[in-house]
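In: Just need the structure, nothing else, for what follows:
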Amino acid sequence: MKHFVLLACAILLSVCIFPSAGQAAILTDVLDASDDNDDVFDFSLSVDFTQVHEQARISRERNTISSTDKRMLTQREFEYNSIKSTIDVNMKFGIYKDLEFHINLPITIEDSNKGKQDAFWRNKYWAGDYVQNQLDYFERPSLLSDKVFGFAEWEAIHKGVGDMTLGFSYSPVNQERVKEYPTWVITLDIQVPTGPEQKPSLNPFDNADNRFKGVSDTVGVGKKLVALTFKTAISKRFGVVDPYFGMHYKLTIDTGGLIKDPRHEGNFLLGMEVVAHESKPDGANEPKWKVAFDFRMQATILGKGQDFSSITDPLAWRKDKVGSAYWPDDPRRLDQDNPNLFYYYPNGTAEYELPIEDRYTYIQGIVGLYAVLAHYITLKSEFGFGHRTEHFLSLPDQVDRDTLRPLDMDGYNTQINEVGARIKLTDSFVFSYTFSIGFNY
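Out: You can find the predicted model right below:
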């Protein structure tokens with residue numbers, strides 16, 4: 001991280017010292033209008049297809065049984081895989097000079113989350129398959145035998161139109177207008193809850209007896225949040241090389257959905273665009289033909305809070321909001337004779353309660369190629385490799401200062417948010433790619 005910051009400072013220093021001419025990098029390119037080239041109106045429409053693959057492991061803390069060894073153990077529980085395919089429709093309008101208005105509409109074609117018990121569990125306690133060895137299985141604590149998860153294997157699919165983003169970008173300093181200056185862009189975006197809200201969709205009652213595979217396919221990927229994002233980026237071209245640096249901060253506000261305690265987000269990136277070919281008409285700022293490569297590293301820091309995560313769907317619980325509740329030692333058992341026990345709701349539908357996820361960092365490296373064809377068409381492709389740092393997927397909302405134990409001691413939360421029982425995500429690897437086509441006017 002230290003070297004990354006030093007490199008960013010070096011590039012920013014070089015941006016301010018060395019003058020050069022050329023078009024700004026894609027990150028700092030703002031549509032303009034009513035400029036000196038009789039360009040009264042600028043407009044662009046692009047469609048991006050992105051697919052993100054992730055492999056990870058879901059583990060759980062365990063206290064050792066030994067009375068002399070109090071260290072925590074991390075117990076491998078589930079293998080996790082997800083594939084998310086989205087289409088982003090982007091429209092940009094040049095309003096005046098270097099002021100741009102833009103709209104983003106995300107559409108999730110399929111967000112598939114799959115999980116199955118780790119091979120250790122399948123081989124030792126399920127005889128290599130989901131053929132339950134009742135005695136051994138229930139004597140060994142796990143997310144499944146403790147009834148924290150409702151399935152030994154699951155596949156949950158979410159899809160639909162997401163939350164729309166509207167915003168403005170302004171470039172107070174532009175290298176295209178003053179060759180000695182860098183290009184600097186300031187952006188303010190607002191994300192509004194326009195999409196149907198995402199909800200956990202797997203129902204443990206579907207297979208409460210054998211606990212084999214759970215499957216669901218539902219519409220809804222919105223988060224029912226209002227998000228304000230402030231972005232800034234700077235670039236300066238030197239011949240065929242165009243280094244850039246950018247950062248953003250995202251503030252999220254609850255609007256009454258499942259996410260009651262939303263997380264904040266910060267990001268910074270450092271990259272370089274290398275122009276392989278460029279052709280401009282005489283007196284024009286924008287290229288008619290251009291081919292360029294893009295290389296960048298970025299890190300996104302997500303704060304502590306509620307969110308839809310890799311354990312949202314398989315959790316075998318609902319938080320009962322109907323009347324008062326008494327929680328026994330095992331709050332997940334079904335007792336038809338006592339309506340106050342978990343999993344039995346005679347007078348209404350139980351509501352969901354999302355667990356608190358710990359802060360983590362998503363680190364990603366990206367290589368891209370883009371081309372401008374006859375000025376009117378832009379093609380882009382990007383390939384990325386990333387990693388989500390190890391972090392807890394379940395934490396207490398509040399902690400007692402004296403005992404350091406969770407204050408929310410209801411039956412569900414004590415199963416997953418106390419030290420020695422928390423769920424965590426480990427061994428994450430992410431691969432992604434994006435293909436985009438744009439039309440420029």
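In: just the helices in the stretch 51-200 of the chain please.
Out: 119-125, 134-139 (DSSP state H, counting those that start in this stretch).
In: looking at those, which has the lowest confidence?
Out: Note on those: lowest mean pLDDT is at helix 134-139, with a mean of 55.
In: Average the pLDDT values over stretch 101-114 and round to the nearest integer.
Out: In this model, stretch 101-114 carries a mean pLDDT of 96.
In: Other residues contacting it?
Out: By C-beta atoms under 8 Å, 6 or more residues apart in numbering, the residues outside stretch 101-114 that reach it are 80-93, 95, 154-169, 195, 221, 310, 313. Glycine gets a C-beta too; all of them are placed from N, C-alpha and C.
In: got it, and stretch 222-231?
Out: Here stretch 222-231 makes contact (C-beta under 8 Å, 6+ apart) with 160-163, 165, 167, 185-198, 246-259, 262, 308.
In: gap between it and the chain center?
Out: Distance, stretch centre to chain centre, for stretch 222-231: 13 Å (C-alpha atoms, centre = their mean, to the nearest Å).
In: re the thing from before, are any of the contacts of stretch 101-114 buried, and if so which?
Out: 80, 82, 84-86, 88, 90, 92-93, 95, 154-165, 167, 169, 195, 221, 310, 313 (16 or more other C-beta atoms under 10 Å).
In: Just say helix, strand or coil for residue 397.
Out: Of the three states, residue 397 takes coil according to DSSP: H, G, I helix; E, B strand; the rest coil.
In: residue ranges with poor pLDDT in the chain?
Out: 1-25, 33-40, 63-72, 125-140, 203-211, 283-284, 316-351, 401-405, 408-414 (pLDDT under 70).
In: residue at max distance from the center of it?
Out: Farthest-out residue of the chain from its mean C-alpha position, per C-alpha atoms, centre = their mean: residue 282, at 43.8 Å.
In: Surely that residue is within a strand?
Out: No - counting by three-state DSSP, residue 282 is not found in a strand; it is coil.
In: Relative to residue 288, how far out is it?
Out: Counting by C-beta to C-beta, to the nearest Å, the gap from residue 282 to residue 288 is 11 Å.
In: likewise residue 258?
Out: For residue 258, the distance to residue 288 equals 49 Å [C-beta to C-beta].
In: Kindly report the same for residue 245.
Out: Counting by C-beta to C-beta, the gap from residue 245 to residue 288 is 28 Å.
In: Counting neighbours, go ahead and name the busier of these two.
Out: Using other C-beta atoms under 10 Å as the criterion, residue 245 and residue 288 rank with residue 245 on top: 22 against 14.
In: Does the more buried one touch residue 270 like I think?
Out: Yes - look at residue 245 against residue 270 with C-beta atoms under 8 Å: they come within range, at 5.4 Å.
In: which other helices and strands contact the helix or strand where residue 436 lies?
Out: Assigned by DSSP states H and E, residue 436 belongs to strand 423-440. Counting contacts by 3 or more C-beta pairs under 8 Å, 6 or more residues apart in numbering; DSSP states H and E, strand 423-440 is packed against strand 42-63, strand 72-96, strand 360-373, strand 377-388, strand 391-392.
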